[in-house]
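Q: Need the 3D shape of this:
(chains A, B, C and D)
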2 protein chains.
Amino acid sequence: MRAEPAGSSCVERKTKQRDAIKEVMLHTARPLGPQEILDAAAGSVPNLGIATVYRAIKELLAEGFLSKVEMPGEPARYERADLKHHHHFHCRSCGKVYDIAGCPGNLANAAPKGFKVESHELLLFGVCDRCDK
Amino acid sequence: MRAEPAGSSCVERKTKQRDAIKEVMLHTARPLGPQEILDAAAGSVPNLGIATVYRAIKELLAEGFLSKVEMPGEPARYERADLKHHHHFHCRSCGKVYDIAGCPGNLANAAPKGFKVESHELLLFGVCDRCDK
DNA sequence: ATAGATGCAAAGGGTTTGCACTTGA
DNA sequence: TCAAGTGCAAACCCTTTGCATCTAT
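A: Got it, this is the predicted structure:
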């Protein structure tokens, strides 16, 4: 008999692919897309496939390690979920997405009566510090 | 000689397809996606193709008749551009997108110094009036 | 008559899935 | 050992594009 209780055959294994992906996400300063994650992780795991990145992202989302950041018209980006509540700024010049500290807050009242607001996303668009020079 | 000034060969023609699409957008109470527009307009123009809808949307965006509404993970929706500034609520139960009257405003300060905020989008997620019952 | 518009189908880009092979526990 | 994980390629979905045909003007 094994140490595993009956039925619990679904354990997550530690693989160098996932390690590399988590590593990338731990060190990035801004949200990354699947392809960016692949490019960054490919350094430590040469034959890493994009499908593996997507599968890892899905699990990391499910286990609450990552959260999804989506900007209109662009593929989703991901960042660590343990960052405190914040929003995002998309620079139309360089295309990068930056984290924004503030939050207008109190959005529960923004919706009409009867609508239950559970979460929100605030997206700012403009030109970032660097590109404005 | 024609009434057209020389060089202005690029005029938009009035076709029943575009009429139908504009008609749909004039009467919808909420943002619609390309497929929804196609379904709605197909009533008056039987063989309407999705490509035509996309092409019409692109032109209507360009001429400022429509504006784009994008919700994370979903195909873009469109609504009339002449609506006053507002935001959107996405019901996780029925999947519909509703217009929200309010706006937290004053978001120019939300970004760090040096970042120029040109526009913003506020997305609310939750359960709508009807689905909550 | 003729350039613009349409419809179909094929092509593209991003994401997901099927499947045989590999690998961690 | 052997199921979970991986890599590749095919499948998918949404959107765009190519092209022959159609149609406003």
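
Q: in which helix or strand would I find the residue nearest the centre of chain A?
A: Centroid-nearest residue in chain A: A:Y78, 1.7 Å away (criterion: C-alpha atoms, centre = their mean). Secondary structure from DSSP states H and E places A:Y78 in strand A:77-80.

Q: what does A:A20 give?
A: Remark: A:A20 resides in helix A:16-27, with elements defined by DSSP H and E.

Q: which other helices and strands contact that helix?
A: Packed against helix A:16-27 by the contact rule (3 or more C-beta pairs under 8 Å, 6 or more residues apart in numbering or on different chains; DSSP states H and E) you find helix A:34-41, helix A:50-62, strand A:77-80. For every residue, glycine as well, the C-beta is placed using N, CA and C.

Q: remind me, longest strand of chain A?
A: Ranked by residue count and defined by DSSP state E, the top strand of chain A is strand A:116-127.

Q: angle of that strand against strand B:116-127?
A: 160 degrees (axes from the mean of the first three to the mean of the last three C-alpha atoms, to 10 degrees).

Q: is chain B contacted by strand A:116-127?
A: Yes. Part of strand A:116-127 sits near chain B under the criterion C-beta under 8 Å from any C-beta of the partner chain, namely A:116-127.

Q: Just the buried ones from these?
A: Buried subset of the residues of strand A:116-127 next to chain B (neighbour count, 16 or more other C-beta atoms under 10 Å in any protein chain shown): A:116-117, A:120-127.

Q: From these, list the ones also adjacent to DNA strand D.
A: The subset of those within reach of DNA strand D, by C-beta under 7 Å from any atom of the strand, is empty.

Q: just for chain A, where's the confidence low?
A: Within chain A, the segments meeting pLDDT under 70 span A:1-10.

Q: domains of it?
A: Domain ranges of chain A: A:1-81, A:84-133, per automatic domain parsing.

Q: Tabulate the ones you listed in TSV, adding columns for distance to DNA strand C.
A: Shown next, in TSV, are the domains of chain A (distance: least, C-beta to the nearest atom of the strand, whole Å):
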stretch	distance to DNA strand C
domain A:1-81	3
domain A:84-133	12
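
Q: Go through those domains and name the closest to B:Q17.
A: Checking the domains of chain A against B:Q17 by C-beta to C-beta gives domain A:1-81 as the closest, at 24.7 Å.

Q: Which residues of chain A lie near chain B?
A: A:68, A:70, A:72-73, A:76, A:87, A:89, A:92, A:98, A:100-102, A:104, A:106-107, A:109-129, A:132.

Q: and the residue nearest to A:Y98 when sequence neighbours are not counted, which of the three is it?
A: On the basis of C-beta to C-beta, 6 or more residues apart in numbering or on different chains, the spatially nearest residue to A:Y98 that is not a chain neighbour turns out to be A:F89, at 4.5 Å. Following DSSP: H, G, I helix; E, B strand; the rest coil, we place A:F89 in the strand state.
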